[in-house]
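1. model this:
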Amino acid sequence: MFTGIVEDTGTVRERTETEGGIRLRIAVDGFDDLHHGQSISVSGVCLTVEAYGAEGDASDGDWFEVFLASETVAKTYLGAVAEGDPVNVERAMPADGRFDGHVVQGHVDTVAEVTGIERVGEDWRFTFSIPEGHGDYLVDKGSVTLDGISLTVAEKREAAFDVAIIPTTYDLTTLSAKSVGDPVHLEVDVIAKYVENMVEGY
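-> Numbering: from 1, shown residues only. Purely as a prediction, here's the structure:
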(Lines give C-alpha, C1' and ligand atoms only; values in the text may rest on other atoms or scores of the structure.)
Protein backbone atom coordinates (compact mmCIF):
# COMPACT_ATOMS: atom_id res chain seq x y z
CA MET A 1 0.00 0.00 0.00
CA PHE A 2 1.07 3.56 -0.74
CA THR A 3 -0.03 6.98 0.45
CA GLY A 4 0.34 9.06 -2.71
CA ILE A 5 3.04 11.22 -1.11
CA VAL A 6 5.68 11.06 -3.84
CA GLU A 7 9.17 10.72 -2.39
CA ASP A 8 11.13 11.76 -5.44
CA THR A 9 11.20 11.81 -9.20
CA GLY A 10 13.35 9.17 -10.84
CA THR A 11 14.68 9.11 -14.39
CA VAL A 12 14.31 6.27 -16.88
CA ARG A 13 17.89 5.25 -17.72
CA GLU A 14 17.28 2.14 -19.79
CA ARG A 15 14.27 0.71 -21.61
CA THR A 16 14.55 -2.85 -22.88
CA GLU A 17 11.82 -4.63 -24.81
CA THR A 18 11.56 -8.38 -24.24
CA GLU A 19 9.30 -11.08 -25.57
CA GLY A 20 7.01 -10.82 -22.54
CA GLY A 21 7.03 -7.09 -21.88
CA ILE A 22 9.34 -4.18 -21.11
CA ARG A 23 12.07 -3.77 -18.51
CA LEU A 24 12.87 -0.33 -17.13
CA ARG A 25 15.95 0.78 -15.22
CA ILE A 26 15.16 3.86 -13.15
CA ALA A 27 17.72 6.11 -11.48
CA VAL A 28 16.82 7.54 -8.05
CA ASP A 29 18.58 9.41 -5.26
CA GLY A 30 18.85 8.28 -1.65
CA PHE A 31 16.86 5.03 -1.85
CA ASP A 32 19.28 3.06 0.31
CA ASP A 33 16.85 0.32 1.38
CA LEU A 34 15.97 -1.17 -2.00
CA HIS A 35 15.70 -4.95 -2.11
CA HIS A 36 14.57 -7.71 -4.45
CA GLY A 37 10.82 -8.26 -4.44
CA GLN A 38 10.03 -4.88 -2.94
CA SER A 39 6.83 -3.13 -4.07
CA ILE A 40 7.40 0.32 -5.49
CA SER A 41 5.10 2.86 -7.12
CA VAL A 42 6.28 4.23 -10.46
CA SER A 43 4.01 7.10 -11.51
CA GLY A 44 1.19 5.42 -9.65
CA VAL A 45 1.74 1.88 -10.93
CA CYS A 46 2.62 -0.74 -8.31
CA LEU A 47 5.62 -2.68 -9.60
CA THR A 48 8.20 -5.10 -8.17
CA VAL A 49 11.90 -4.37 -7.80
CA GLU A 50 13.75 -7.13 -9.69
CA ALA A 51 17.26 -5.71 -9.47
CA TYR A 52 18.91 -2.71 -7.88
CA GLY A 53 22.27 -1.05 -7.47
CA ALA A 54 23.90 1.73 -5.51
CA GLU A 55 26.38 4.48 -6.11
CA GLY A 56 29.85 3.02 -6.27
CA ASP A 57 29.06 -0.05 -8.35
CA ALA A 58 29.25 -0.24 -12.12
CA SER A 59 26.12 1.88 -12.54
CA ASP A 60 25.69 5.64 -12.45
CA GLY A 61 24.16 6.30 -9.03
CA ASP A 62 21.29 4.52 -7.28
CA TRP A 63 18.92 2.60 -9.53
CA PHE A 64 16.35 -0.18 -9.65
CA GLU A 65 14.80 -2.31 -12.38
CA VAL A 66 11.15 -3.25 -12.83
CA PHE A 67 9.38 -5.39 -15.41
CA LEU A 68 6.22 -4.30 -17.19
CA ALA A 69 4.12 -7.32 -18.10
CA SER A 70 1.88 -7.16 -21.16
CA GLU A 71 -1.18 -6.25 -19.07
CA THR A 72 0.68 -3.33 -17.49
CA VAL A 73 1.79 -2.13 -20.91
CA ALA A 74 -1.80 -2.34 -22.17
CA LYS A 75 -3.45 -0.55 -19.23
CA THR A 76 -0.88 2.17 -18.49
CA TYR A 77 1.31 4.52 -20.47
CA LEU A 78 4.56 3.24 -18.94
CA GLY A 79 5.19 1.16 -22.04
CA ALA A 80 5.59 4.41 -23.96
CA VAL A 81 8.13 6.10 -21.67
CA ALA A 82 11.56 6.72 -23.14
CA GLU A 83 15.06 7.01 -21.74
CA GLY A 84 15.41 10.33 -19.95
CA ASP A 85 11.72 10.61 -19.01
CA PRO A 86 10.93 11.50 -15.36
CA VAL A 87 8.67 9.29 -13.22
CA ASN A 88 7.22 9.71 -9.74
CA VAL A 89 8.55 7.20 -7.22
CA GLU A 90 7.22 6.12 -3.82
CA ARG A 91 8.24 3.14 -1.73
CA ALA A 92 5.50 1.14 -0.01
CA MET A 93 4.35 2.51 3.34
CA PRO A 94 5.89 0.76 6.37
CA ALA A 95 3.50 -0.55 9.02
CA ASP A 96 4.73 2.05 11.53
CA GLY A 97 4.85 4.90 9.03
CA ARG A 98 2.99 8.20 9.10
CA PHE A 99 -0.14 8.23 6.92
CA ASP A 100 -0.01 11.64 5.19
CA GLY A 101 -1.99 11.01 1.99
CA HIS A 102 -4.79 8.51 1.43
CA VAL A 103 -5.06 4.79 0.68
CA VAL A 104 -3.34 4.24 -2.66
CA GLN A 105 -3.07 0.72 -4.04
CA GLY A 106 -1.02 1.40 -7.14
CA HIS A 107 -3.70 -0.36 -9.20
CA VAL A 108 -4.34 2.09 -12.02
CA ASP A 109 -7.99 2.25 -13.07
CA THR A 110 -7.53 4.07 -16.35
CA VAL A 111 -5.51 6.69 -18.20
CA ALA A 112 -6.86 10.25 -18.22
CA GLU A 113 -5.58 13.28 -20.12
CA VAL A 114 -4.40 16.73 -19.11
CA THR A 115 -6.89 19.13 -20.70
CA GLY A 116 -5.89 22.39 -19.05
CA ILE A 117 -3.09 24.01 -17.02
CA GLU A 118 -3.51 27.44 -15.44
CA ARG A 119 -1.29 29.44 -13.11
CA VAL A 120 -3.32 30.84 -10.21
CA GLY A 121 -1.17 33.11 -8.06
CA GLU A 122 1.60 30.93 -6.68
CA ASP A 123 -0.40 27.75 -7.30
CA TRP A 124 -1.47 25.83 -10.37
CA ARG A 125 -4.86 24.51 -11.48
CA PHE A 126 -4.79 21.37 -13.59
CA THR A 127 -7.80 20.03 -15.47
CA PHE A 128 -8.12 16.36 -16.39
CA SER A 129 -10.57 14.43 -18.51
CA ILE A 130 -12.90 11.91 -16.87
CA PRO A 131 -12.70 8.65 -18.84
CA GLU A 132 -16.01 6.95 -19.50
CA GLY A 133 -17.33 4.91 -16.59
CA HIS A 134 -15.27 6.61 -13.89
CA GLY A 135 -17.22 9.77 -13.11
CA ASP A 136 -19.23 8.22 -10.28
CA TYR A 137 -16.03 7.61 -8.30
CA LEU A 138 -15.01 11.27 -8.31
CA VAL A 139 -16.61 13.80 -5.96
CA ASP A 140 -15.87 17.40 -5.05
CA LYS A 141 -13.26 17.55 -2.27
CA GLY A 142 -12.73 13.78 -2.56
CA SER A 143 -9.38 12.02 -2.93
CA VAL A 144 -7.92 10.98 -6.26
CA THR A 145 -4.54 9.63 -7.33
CA LEU A 146 -2.89 10.99 -10.47
CA ASP A 147 0.46 9.54 -11.54
CA GLY A 148 0.86 8.30 -7.98
CA ILE A 149 0.18 11.70 -6.40
CA SER A 150 -2.50 11.97 -3.70
CA LEU A 151 -4.65 14.95 -4.66
CA THR A 152 -8.03 16.48 -3.86
CA VAL A 153 -10.74 17.10 -6.45
CA ALA A 154 -11.30 20.87 -6.41
CA GLU A 155 -14.21 20.83 -8.83
CA LYS A 156 -15.91 18.08 -10.82
CA ARG A 157 -17.92 18.61 -13.97
CA GLU A 158 -19.58 16.19 -16.37
CA ALA A 159 -16.50 15.28 -18.39
CA ALA A 160 -13.60 16.86 -16.50
CA PHE A 161 -12.32 17.71 -13.04
CA ASP A 162 -9.84 20.18 -11.56
CA VAL A 163 -7.18 19.84 -8.89
CA ALA A 164 -5.22 22.61 -7.20
CA ILE A 165 -1.46 22.07 -7.14
CA ILE A 166 0.71 23.82 -4.56
CA PRO A 167 4.28 24.82 -5.53
CA THR A 168 5.89 21.96 -3.54
CA THR A 169 3.86 19.32 -5.37
CA TYR A 170 4.48 21.02 -8.71
CA ASP A 171 8.24 21.19 -8.16
CA LEU A 172 8.78 17.73 -6.63
CA THR A 173 6.67 15.64 -9.05
CA THR A 174 6.38 15.13 -12.78
CA LEU A 175 3.44 17.56 -12.98
CA SER A 176 5.91 20.33 -13.80
CA ALA A 177 6.81 18.41 -16.98
CA LYS A 178 3.20 17.84 -18.07
CA SER A 179 1.54 19.62 -20.97
CA VAL A 180 -2.00 19.70 -22.29
CA GLY A 181 -2.67 16.41 -24.06
CA ASP A 182 -0.31 14.35 -21.91
CA PRO A 183 -1.59 11.14 -20.27
CA VAL A 184 -1.84 10.56 -16.52
CA HIS A 185 -2.56 7.40 -14.56
CA LEU A 186 -5.86 7.71 -12.70
CA GLU A 187 -6.66 5.67 -9.59
CA VAL A 188 -9.98 6.48 -7.94
CA ASP A 189 -10.48 6.26 -4.19
CA VAL A 190 -10.88 2.57 -3.35
CA ILE A 191 -13.37 3.48 -0.61
CA ALA A 192 -15.82 4.52 -3.33
CA LYS A 193 -15.49 1.07 -4.90
CA TYR A 194 -16.20 -0.65 -1.59
CA VAL A 195 -19.28 1.52 -1.04
CA GLU A 196 -20.53 0.72 -4.54
CA ASN A 197 -20.04 -2.99 -3.94
CA MET A 198 -21.88 -2.91 -0.62
CA VAL A 199 -24.93 -1.03 -1.87
CA GLU A 200 -25.37 -3.03 -5.09
CA GLY A 201 -28.70 -4.83 -5.02
CA TYR A 202 -30.34 -2.50 -2.51
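2. What is the longest helix of the chain by residue count?
-> Counting by DSSP state H, the longest helix found in the chain is helix 190-199.
3. what helices or strands is it leaning on?
-> Here helix 190-199 touches no other helix or strand, going by 3 or more CB pairs under 8 Å, 6 or more residues apart in numbering; DSSP states H and E. All C-beta spots, glycine's among them, are computed from the backbone N, C-alpha and C.
4. what mean pLDDT does stretch 151-159 have?
-> The predicted model assigns stretch 151-159 a mean pLDDT of 96.
5. and the closest residue to G133 other than its chain neighbours, what does it touch?
-> What sits nearest to G133 in space, not counting adjacent residues and going by CB to CB, 6 or more residues apart in numbering, is T110, at 8.0 Å. By CB atoms under 8 Å, 6 or more residues apart in numbering, T110 lies in contact with 75, 131, 133-134, 186.
6. Quick check: bridge partners of T110?
-> Beta-bridge partners of T110, counted by DSSP bridges, are L186.
7. that older thread, ok, of the contacts of T110, which one's closest to T145?
-> Closest approach to T145 among those (CB to CB): L186, at 7.3 Å.
8. I26 contacts S43, correct?
-> No - counting by CB atoms under 8 Å, I26 stays clear of S43, with 10.1 Å between them.
9. Identify the contacts common to those two.
-> Residues touching both I26 and S43 comprise V87, with contact defined as CB under 8 Å, 6+ apart.
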